[in-house]
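[1] have a look; sequence and predicted model below, questions after that.
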Amino acid sequence: MTDSNSGHKMPIGYIYWLFGFMGAHRFYYGKPVTGTIWFFTLGLLGIGWIVDLFLIPSMDREADLKFTQGTIDYTLAWIFLTFFGVLGIHRFYMKKWVTAIIWFFTGGLFLIGVLYDYWTLNDQIAEINSRG
């Protein structure tokens, strides 16, 4: 069962889907490889993007089963990463103080750190949540 305060939210998945030709929803649901493919192919030339409109409910269920729920809210962390990633706000939220300060003063470690976080944010949160 999903904790309503911690899991991935389907409405947010659909909002990210609007930018899905860039793979945003796939990163959000923990699919970084296909998110990267969508990014470089504009959602498989738009075809994969349209198909994903119907796949989001299953991606949402899979993400909620795969990633540990807990005190860190996936959706809030993803919003912080998406809009304030270069400032490290998502890392402050996860209480990763040292890297948050590094991200803040280096533009998300020169954007490479932000890209790393797009690939690994769900796993980072699941690890923190599993510790309790």
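    The structure has been received and is ready for your questions. The structure displayed is predicted, hence computed values, not measured ones.
[2] let me see the contact set for the residue nearest to the spatial centre of the chain.
    With the centre of the chain defined as its mean C-alpha position, the nearest residue by C-alpha atoms, centre = their mean is Tyr28, 3.3 Å away. Going by C-beta atoms under 8 Å, 6 or more residues apart in numbering, Tyr28 touches His8, Ile12, Gly13, Tyr16, Ala63, Trp78. Every residue, glycine included, has its C-beta placed from N, CA and C.
[3] with Lys66 instead?
    Counted by C-beta under 8 Å, 6+ apart, Lys66 has contacts Gly30, Asn122, Ala126.
[4] can I assume the second one is in contact with Gly30?
    Yes - judged on C-beta atoms under 8 Å, Asn122 makes contact with Gly30 at a distance of 4.2 Å.
[5] need the residues touching each of the two.
    Shared contacts of Asn122 and Gly30, counting by C-beta under 8 Å, 6+ apart, come down to Ala63, Lys66, Phe67.
[6] got phi/psi on the last one?
    Right, the one you point to is Phe67. Backbone torsions of Phe67, given as degrees, to the nearest 10, read phi -100, psi 130.
[7] run a quick neighbour tally on it.
    Look at Phe67: counted by other C-beta atoms under 10 Å, it has 21 neighbours.
[8] I figured it hits Asn122, correct?
    Yes - using C-beta under 8 Å, Phe67 is in contact with Asn122, at 5.2 Å.
[9] returning to that earlier point: which member of the shared contacts of Asn122 and Gly30 is positioned nearest Trp38?
    Closest approach between those and Trp38, by C-beta to C-beta: Ala63, at 16.1 Å.
[10] what's the spacing between the closest one and Pro57?
    11 Å (C-beta to C-beta, to the nearest Å).
[11] neighbour count for these two, which is higher?
    A direct count of neighbours by other C-beta under 10 Å for Ala63 and Pro57 places Ala63 higher, at 20 against 11.
[12] any weak-confidence spans in this protein?
    The model of the chain has pLDDT under 70 over residues 1-6.
[13] one more time with 50, if that's ok
    Of all residues in the chain, those with pLDDT under 50 make up the ranges 1-3.
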